[in-house]
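Colleague: From the sequence below, what's the structure:
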Amino acid sequence: MTLFQAHENDRRIPLDPELYVASQPISPPFTDPWTVLAHPDAARRYVARVRKIISRLRSELQKELRRAEALINAGHGLPIRTEMERSRLSPLGLYIAALRSGRVDLAIQLSDGVVNQHRGCPLYRFAALSMIPADSYPVGDETPPMVPFEVINATPGRCVLQN
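Modeller: Numbering: from 1, shown residues only. Below you'll find the model as predicted:
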């Protein structure tokens with residue numbers, strides 16, 4: 001099983017070659033890296049690593065949600081965007097708390113921050129699914145288009161930089 005097959009089998013598994021390589025064991029010098037990367041165990045290690053990351057992100061979000069709910073229960077309400085860092089809540093954690101407490105207006109204000117957080121780690125989507133409905137997550141479910149093999153291996157043309 002390869003990276004592509006792992007993604008086809010489970011769409012939560014991103015097509016991330018850097019993470020795929022980083023998920024592999026450190027080999028002794030002079031080992032052929034393709035032997036390690038093309039082995040079926042490589043994809044299993046990658047899937048296990050991605051699932052572990054999602055689990056940790058979910059745990060992190062659950063802690064944030066408990067913190068936010070404690071603020072609400074103590075009568076403090078949810079912090080506004082400028083207080084997020086001090087409250088130790090991420091945009092997504094605050095977004096989830098806002099939705100769950102019926103503060104759709106606040107959730108809308110936080111959407112841009114959630115989008116930026118998602119861009120940093122798209123696996124947050126899967127971590128958040130146990131806390132909010134999938135259609136409430138502010139980033140679409142689109143999978144990035146596959147780049148044809150011919151394009152990847154094409155001879156580079158002239159590069160022009162524009163200011």
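Colleague: Give the buried residues for the helix ranked longest in the chain.
Modeller: Secondary structure assigned by DSSP state H gives helix 40-73 as the longest helix of the chain. Of the residues in helix 40-73, those buried by neighbour count under the rule 16 or more other CB atoms under 10 Å are 42-43, 45-47, 49-50, 53-54, 57-58, 61, 64-65, 67-68, 71. C-betas here are computed from N, CA, C, even on glycine.
Colleague: Check stretch 13-28 too.
Modeller: Those would be 13, 14, 16, 19, 20, 23, 24, for stretch 13-28 by 16+ other CB under 10 Å.
Colleague: In helices, which of the residues you listed fall?
Modeller: 19, 20.
Colleague: Pick the one among the buried residues of stretch 13-28 closest to residue 101.
Modeller: residue 14 (30.9 Å; CB to CB).
Colleague: That closest one against residue 50, yeah?
Modeller: Yes. Contact status for residue 14 versus residue 50: in contact at 7.0 Å, counting by CB atoms under 8 Å.
Colleague: which neighbours do those two share?
Modeller: Residues touching both residue 14 and residue 50 by CB atoms under 8 Å, 6 or more residues apart in numbering: residue 123.
Colleague: what's the longest helix of the chain packed up against?
Modeller: When contacts are defined as 3 or more CB pairs under 8 Å, 6 or more residues apart in numbering; DSSP states H and E, helix 40-73 packs onto helix 3-9, helix 17-22, helix 84-87, helix 91-100, helix 124-128.
Colleague: give me that answer again for 10 Å
Modeller: Secondary-structure packing of helix 40-73 (3 or more CB pairs under 10 Å, 6 or more residues apart in numbering; DSSP states H and E): helix 3-9, helix 17-22, helix 33-37, helix 84-87, helix 91-100, helix 124-128.
Colleague: Including distance to residue 136 and mean pLDDT, could those go into a markdown table?
Modeller: A markdown table is the format used below for the helices and strands packed on helix 40-73 (distance: least, CB to CB, whole Å; pLDDT from 0 to 100):
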| stretch | distance to residue 136 | mean pLDDT |
| --- | --- | --- |
| helix 3-9 | 24 | 86 |
| helix 17-22 | 26 | 87 |
| helix 33-37 | 37 | 77 |
| helix 84-87 | 19 | 60 |
| helix 91-100 | 6 | 91 |
| helix 124-128 | 9 | 94 |
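Colleague: Sounds good, over and out.
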